[in-house]
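1. Sequence first, then the predicted structure, then my questions.
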Amino acid sequence: MPPRYDKEPFIAIKGREDEVWAGYEAIAAELGSAIERLGGRKAVVVLECYPGVRQEEVVAGCERTLGALTVVRAEEAALPPAEVDRIVGRYMTDDRVFGFMAPFQAEEFYDQARIAALRERIDAVREGVVLIIGFGASLVARGDLLVYADLARWEIQQRYRSGELGNWRAERSERDILRLYKRGFFFEWRMADRLKKRLLGSIDYYLDTNAKASPVMATREALFDGLAQAAKRPFRLVPYFDPGVWGGEWLEAHIDLPKADHPYAWGFDGVPEENSLYLRYGPHRLELPAINLVFFRSIELLGEKVYARFGAEFPIRFDFLDTIGGQNLSLQVHPTAEYIREQFGMAYTQDESYYILDAAPGAEVYLGLRDGVAPDEMMSDLRKAQEGGYTFPAEKYTNTFPAKKHDHFLIPAGTVHCSAAGCMVLEISATPYIFTFKLWDWDRLGLDGKPRPVHIDHGERVIRWDRTTKWTEAQCVNVIEPVAEGEGLARGAHGTARARVHRDAASLVLGAGPAREQRQRAHAQPDRRGGGDRREPGRRFRAVRRSLRRDVYRPGIGPRLYDSAERRQRRQDGRHDQGLCPGIGGNRA
């Protein structure tokens, strides 16, 4: 990764510069002007907040310019913390990491009698500005102005870590970061997102509260125009980097990251649920959760087919794993599709791949099981190691493959794996976020001094014991199949003299299993172009190339990547194709 790597990418939005304000003084002045335009003696401003917004800061900032406010705290009408804990308890479980996706709406956690009492207080005010603030403020009143205060997931996690923020309406003051994140992930953020999706189209203003004491506000029209412009062009998310117990030195050396107390392990560059998006309107930069773009421009961003399969979720994630000069990742496995649905309420699972950006001499990847592994023996050794005083012999049970720069390893769910030390990995995977079952963590503690959670029982239920050495070598190690090559693809895709298109990683992530395995089943019939079985490698590769050349370059023949007539018209018009798979969406995060 070159030094020009941009750690603060933004999307320049055309127009709307006069509909964005930075700082509390300018924001309060705009709200004051909007109140004056209402023309009444009394105005009710509803400031709906995502859980984690610094509400006291917002109130103080508004009061400095708007003057005395009647402040109504919406969460005074929420159910008591003990009652909230009782309702959500079965979705949280006793596990430090895993819960079950909770289906709740915000209304279920508010007492209607208490809401009525708040409304009486609001009605009793005869003049001046009433500010209703908090998560659930919009449940108390519609008001004369509706403002939505938002912040990104990563910023919420930083506030958890600093001790500034706890879970919403939790009776116990939790300090375990994993448990804080778990309740946020499985309960709070799902509920808050449901409210956000219902509400954002009717707001008057959107308030970015990510940076302390440095808010930015935009009109609803400016926000949605910005999202519409973003969905029509290539863009990047705002990356963030996080230390880890196995972290290496490559990221810090190559991306000019600040010195950290512990080595950087992860770099998250394309995870919309976690990362931010910067929209720049003239001199002002608005930060918003990138998931907002997925929520409100789903089809434009994803395409019809992907949206029909995954809904308003971005199904692929991109992140970096740095073990160069570091340690092995935990030996792990991801749940099968059936298991993650039944146990956690997730609609799809984490198939993934490792692309090796760089590697130290001797680097390896653990992938798949050795031939002849006895499941009972392996699980017994894992449990013995978990109890302490015994080191799990990973090489006895797991294949290790040399890893060098540009190698590519496919990792379908159910396959035991991990990167060993010495690898700089670009991980491309489906996005169920936290569903990794650690089997063995190499006799070490986490950065918090505690053992990192290991989930041997979950892992045992999802390990594919048939994925042994021969299968893994054939299906997962540098499985690269050219499906098209030529001048037309080169100009449309990469601008180089020649281009080859590979589909294995995309098939693995968006499909239901190993890409080559799917194709072998699909092409088991005789090859009409020359006889024989398409599963024979040389014949199958040549047949696929011939077929795609005809489909891509001959007008009138059904397309597999592009419609030929459309490509020809694009060339005549002087336009460039934006990507190789329009059905998945031309914009790449």
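-> Happy to help now that I have it. Residues are numbered from 1 along each chain as shown.
2. got the residue ranges for the helices in the stretch 1-150 of the chain?
-> When assigned using DSSP state H, counting those that start in this stretch, the helices of the stretch 1-150 of the chain occupy the ranges 24-38, 55-66, 81-92, 112-124, 137-140.
3. Report back the residue of this protein that's furthest from centre.
-> In the chain, counting by C-alpha atoms, centre = their mean, R126 sits farthest out from the average C-alpha position, at 46.5 Å.
4. What strand or helix carries T400?
-> Taking DSSP states H and E as the definition, one finds T400 inside strand 398-402.
5. Mind exporting the C-alpha coordinates of the very next helix or strand once past that strand to CSV?
-> Using DSSP H and E, the helix or strand that follows strand 398-402 towards the C-terminus is strand 408-411. Output of strand 408-411 as CSV, limited to C-alpha atoms (Å, rounded to 0.1, in the frame of the first residue of the first chain):
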residue,chain,number,x,y,z
HIS,A,408,-5.3,-16.2,-2.5
PHE,A,409,-7.1,-18.6,0.0
LEU,A,410,-10.8,-19.3,-0.1
ILE,A,411,-12.4,-20.0,3.3
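6. Strand 408-411 - what's its average pLDDT?
-> If you average the pLDDT over strand 408-411, you get 96.
7. which helices and strands does it pack with?
-> Judged by 3 or more C-beta pairs under 8 Å, 6 or more residues apart in numbering; DSSP states H and E, the packing partners of strand 408-411 are strand 352-359, strand 364-369, helix 469-476, helix 504-510. Placement of C-beta: from N, CA and C, glycine included.
8. can these go into TSV with extra columns for distance to V44, mean pLDDT and mean neighbour count?
-> Shown next, in TSV, are these (distance: least, C-beta to C-beta, whole Å; pLDDT from 0 to 100; neighbours: other C-beta atoms under 10 Å):
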stretch	distance to V44	mean pLDDT	mean neighbour count
strand 352-359	49	96	21
strand 364-369	59	98	24
helix 469-476	60	96	18
helix 504-510	47	47	22
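9. The ones you listed: which one's closest to I115?
-> Comparison of these against I115 by C-beta to C-beta identifies helix 504-510 as nearest, at 44.0 Å.
10. re the thing from before, which residues outside the strand holding T400 are in contact with it?
-> 331, 363-370, 409, 416, 420, 468-469, 472, 477 (C-beta atoms under 8 Å, 6 or more residues apart in numbering).
11. about what we covered before: just send the helices and strands packed on strand 408-411 back as JSON lines, with distance to G52 too.
-> Output for the helices and strands packed on strand 408-411, formatted as JSON lines (distance: least, C-beta to C-beta, whole Å):
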{"stretch": "strand 352-359", "distance to G52": "29"}
{"stretch": "strand 364-369", "distance to G52": "37"}
{"stretch": "helix 469-476", "distance to G52": "40"}
{"stretch": "helix 504-510", "distance to G52": "30"}
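12. Tell me, how many residues neighbour T70?
-> 16 (other C-beta atoms under 10 Å).
13. wait, A116
-> 11.
14. Next one, pLDDT for it please.
-> On pLDDT, A116 comes in at 98.
15. which residues does it contact?
-> Contacts of A116 by C-beta under 8 Å, 6+ apart: none found.
16. ok, now how distant is it from R461?
-> Computed as C-beta to C-beta, to the nearest Å, the A116 to R461 distance reads 49 Å.
17. Need the winner for burial among the helices of the stretch 1-150 of the chain.
-> Most buried of the helices of the stretch 1-150 of the chain by mean neighbour count (mean count of other C-beta atoms under 10 Å) is helix 137-140; its value is a mean of 25.
18. A102 touches Y91, doesn't it?
-> Yes: contact criterion C-beta atoms under 8 Å: A102 and Y91 qualify, at 4.2 Å.
19. for the one helix or strand R317 maps to, packing partners?
-> Per DSSP H and E, R317 falls inside strand 316-322. Strand 316-322 sits against helix 250-255, strand 264-270, strand 423-430, with contacts defined as 3+ C-beta pairs under 8 Å, 6+ apart.
20. switch to 10 Å and redo it
-> strand 240-243, helix 250-255, strand 264-270, strand 352-359, strand 417-419, strand 423-430, helix 504-510 (3 or more C-beta pairs under 10 Å, 6 or more residues apart in numbering; DSSP states H and E).
21. closest one to Y181 among the helices of the stretch 1-150 of the chain?
-> Of all those, helix 81-92 sits nearest to Y181, with 11.9 Å by C-beta to C-beta.
22. Centre of the chain to the closest one, how far?
-> 26 Å (C-alpha atoms, centre = their mean, to the nearest Å).
23. just to revisit the earlier point, for the strand holding R317, output the C-alpha coordinates as CSV.
-> This file holds the C-alpha atoms of strand 316-322, laid out as CSV (Å, rounded to 0.1, in the frame of the first residue of the first chain):
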residue,chain,number,x,y,z
ILE,A,316,-19.3,-7.8,1.5
ARG,A,317,-16.6,-6.5,3.9
PHE,A,318,-13.0,-5.5,3.3
ASP,A,319,-10.5,-5.4,6.1
PHE,A,320,-6.8,-5.8,6.7
LEU,A,321,-5.2,-8.3,9.1
ASP,A,322,-1.5,-7.6,9.9
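24. I'd like to check the angle between it and strand 352-359, please.
-> Between the axes of strand 316-322 and strand 352-359, defined by axes from the mean of the first three to the mean of the last three C-alpha atoms, to 10 degrees, the angle is 40 degrees.
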